[in-house]
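1. this one's sequence-less:
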């Protein structure tokens, strides 16, 4: 089975750096994805880690360590518009197109 | 390009009624997914299709739920009869099955069963 854990809520100030962690217990998986969802909106894809290490996309970076069963999303130079929920999702090993989503972390960015 | 289109955006109905949710995936995407999102259970995959064929329906809660994809540009999720516990936001998503497989989500249908 798949089990992903994320903090329920994180608060940070504008301009700061914040890290959202995702720990998982899984029998195996292909990769770890991150999605952003604003209140009342649809999830939108942010990043995907197929291999261990850091992936950088502008202000956002995502990291994966399979040996530690751990990943994180790093948001730099926080902006008010980054206030949203962030979900990690694992891509199932034996069901290539199936993703299991974490419960999400609500990020509150304050001025 | 147009994104994933879902209809209706909002649905309020009484328990026992039939509910039909509709989805048009992004043109050229071979995979279509139906998700349900609630505060208690988060984002759950209900079923997904590949080339209009249902591949995994293990997330469909019970026989009251059914999904079809008669062609590459249209899918429905039907609940009959509906119950208050079915109240949730239902998302449709599609992907092209390539590379890192980002899923493109529609705006969702907010369903309330009274």
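-> Sure, I can see it. Just so it is clear, the model here is predicted, and its values are computed rather than measured.
2. pLDDT score for residue B:29?
-> Note for residue B:29: predicted pLDDT of 94.
3. I misspoke; the intended subject was residue A:70.
-> Note on residue A:70: pLDDT of 90.
4. what about chain A, any weak spots by pLDDT?
-> A:1, A:27 (pLDDT under 70).
5. and with 90 instead?
-> A:1-4, A:24-31, A:50-51, A:57, A:66-69, A:90-100 (pLDDT under 90).
6. close to chain B: what parts of it are there?
-> A:31, A:33, A:41-45, A:48, A:50, A:87, A:91, A:95, A:97-104 (Cβ under 8 Å from any Cβ of the partner chain). Bear in mind the C-beta positions are built from the backbone N, C-alpha and C, glycine included.
7. narrow the residues you listed to those that are buried.
-> A:31, A:33, A:42-43, A:45, A:48, A:87, A:91, A:97-104 (16 or more other Cβ atoms under 10 Å in any protein chain shown).
8. which SSE is the residue nearest the centre of chain B in?
-> Nearest to the geometric centre of chain B sits residue B:34, at 3.1 Å (Cα atoms, centre = their mean). For residue B:34, the host element (DSSP states H and E) is strand B:31-38.
9. name the helices or strands packed onto the following helix or strand past that strand?
-> Toward the C-terminal end, the helix or strand that comes next after strand B:31-38 (DSSP H and E) is strand B:42-50. The contact analysis (3 or more Cβ pairs under 8 Å, 6 or more residues apart in numbering or on different chains; DSSP states H and E) places strand B:42-50 against strand A:99-101, strand B:31-38, strand B:53-56, strand B:65-71, strand B:74-79.
10. name the strands paired with the next helix or strand after the last one and say parallel or antiparallel.
-> Of the helices and strands lying after strand B:74-79 in sequence (DSSP H and E), the nearest is strand B:88-95. In the sheet, strand B:88-95 lines up against strand B:31-38 (antiparallel), strand B:104-105 (antiparallel), strand B:109-113 (antiparallel) (DSSP bridges).
11. give me the buried stretch members for stretch A:75-89, please.
-> Judged by neighbour count using 16+ other Cβ under 10 Å, the buried positions of stretch A:75-89 are A:75, A:78, A:82, A:83, A:84, A:85, A:86, A:87, A:88, A:89.
12. same thing with stretch A:58-66?
-> A:60, A:61, A:62, A:63, A:64, A:66.
13. now secondary structure too, for these, in a markdown table please.
-> Converted to a markdown table, these look like this (DSSP: H, G, I helix; E, B strand; the rest coil):
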| residue | secondary structure |
| --- | --- |
| A:60 | strand |
| A:61 | strand |
| A:62 | strand |
| A:63 | strand |
| A:64 | strand |
| A:66 | coil |
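14. and which of those is nearest to chain B?
-> Taking Cβ to the nearest Cβ as the measure, chain B lies nearest residue A:62 of the buried residues of stretch A:58-66, at 11.2 Å.
15. which residues are in contact with the closest one?
-> By Cβ atoms under 8 Å, 6 or more residues apart in numbering or on different chains, residue A:62 lies in contact with A:32, A:34, A:46, A:47, A:48, A:49, A:54, A:55, A:71, A:72, A:73, A:74.
16. contacting residues for the last one?
-> Yep, that's residue A:74 we're talking about. By Cβ under 8 Å, 6+ apart, residue A:74 lies in contact with A:17, A:18, A:19, A:20, A:60, A:61, A:62, A:63.
17. partner strands of the host helix or strand of the third one, with direction?
-> Here residue A:19, judged by DSSP H and E, is contained in strand A:18-26. Sheet neighbours of strand A:18-26, with direction, are listed as strand A:2-5 (antiparallel), strand A:70-75 (antiparallel) (DSSP bridges).
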